[in-house]
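Peer 1: okay, predicted coordinates and the sequence, questions at the end:
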Amino acid sequence: RKEVEQDPGPFNVPEGATVAFNCTYSNSASQSFFWYRQDCRKEPKLLMSVYSSGNEDGRFTAQLNRASQYISLLIRDSKLSDSATYLCVVRGNSGNTPLVFGKGTRLSVIA
Amino acid sequence: GAGVSQTPSNKVTEKGKYVELRCDPISGHTALYWYRQSLGQGPEFLIYFQGTGAADDSGLPNDRFFAVRPEGSVSTLKIQRTERGDSAVYLCASSLGQLTDTQYFGPGTRLTVL
C-alpha cells in the first residue's frame, strides 16, 4: 500500500465550479500535512498547510481527519488558473524528515 | 530573493555514462533535500543533508547514486553507470532547517538516459 494515496483524476470542471480532492495516508505517526500545487513541467509549490482544525485561504479550504487518516482540499469558484496537479503531502514525526508525496490529482478548469 | 537553482535544466546522456546534477539552495538554508520525480508520479525522496552531512540517505535506490554537500551550501547529486530507468526529473529543495519549516523546490533537472 502506498503511503499517500490520491485519485489521479483528471477532474475536468467548468469555471466557477466547486471541486474537492481527497487523500489518505497510511502512517499514523505523520505529524505535518500539506497540499502542494505543481504546474506542468514546473516544480511543486506549497499551496497550504493542513491543520486538524481545518484552515481556509481564500477560495481554498483544507481539512484533516486524523482518526480516518484523511486529508481534503476544497476549491470554490474554480478559475482557469487553478488548472494544475495537486499533490497531497505528509511528513513524519520529526521536523526535518522528508516529505512523502502522493501521485497527485490533475485538475483542468474549462471555460 | 533568489530561490533554489539547479543546473543543468536538461541533461541527455547515454546508458553507462556518469552525470552530475547541481543544486544551489536558498542562501542561509541549512537543510537540503533531493527528490526524484518520474512521469505520472509524485516526487520521491532520495537524500537529505543537514549542513555538510547526509542526515538521511535511505531513499537512494542503489550505490550508483551518491550526493555531496562539502561546504554546507551547494550540493551535487552524482549518478554512475546511468541506466534508462534513471530518466526522471531530479528536484532539489531547501529549508531553514527548523521544525515545520517549508521546503522550497528548485525547477529540477530533467535527466534523459538513452
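Peer 2: Nice, thanks for sending it over.
Peer 1: specify the beta-bridge partners of residue 5.
Peer 2: The chain I'm using is chain A. A:T24 (DSSP bridges).
Peer 1: not quite, I wanted chain B
Peer 2: Taking DSSP bridges as the rule, B:S5 bridges to B:D24.
Peer 1: now swap in B:F65 and tell me
Peer 2: B:I79.
Peer 1: okay, now residue 11: neighbour count?
Peer 2: The chain I'm using is chain A. If you count neighbours by other Cβ atoms under 10 Å in any protein chain shown, A:F11 ends up with 19. Where C-beta positions appear, they are placed from N, C-alpha and C, glycine not excepted.
Peer 1: not quite, go with chain B.
Peer 2: 18.
Peer 1: out of the helices and strands in chain B, which is least certain?
Peer 2: strand B:53-56 (a mean of 90; mean pLDDT, DSSP states H and E).
Peer 1: for chain A, see how far away B:A31 is.
Peer 2: Using Cβ to the nearest Cβ, to the nearest Å, we find B:A31 at a distance of 6 Å from chain A.
Peer 1: contacting residues around that residue?
Peer 2: Going by Cβ atoms under 8 Å, 6 or more residues apart in numbering or on different chains, B:A31 touches A:96, B:48-50, B:94-97, B:101, B:103.
Peer 1: can those go into TSV with extra columns for distance to B:P61?
Peer 2: TSV is the format used below for these (distance: Cβ to Cβ, whole Å):
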residue	distance to B:P61
A:N96	21
B:Y48	15
B:F49	18
B:Q50	22
B:S94	22
B:S95	23
B:L96	28
B:G97	25
B:D101	26
B:Q103	21
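Peer 1: let me see the backbone angles for the spatially most central residue of chain B.
Peer 2: Most central in chain B under Cα atoms, centre = their mean is B:W34, positioned 3.3 Å from the mean C-alpha point. The phi/psi pair for B:W34 (degrees, to the nearest 10) reads phi -110, psi 130.
Peer 1: not counting sequence-adjacent ones, nearest residue to it?
Peer 2: Using Cβ to Cβ, 6 or more residues apart in numbering or on different chains and skipping residues adjacent in sequence, the residue nearest B:W34 is B:L46, 4.2 Å away.
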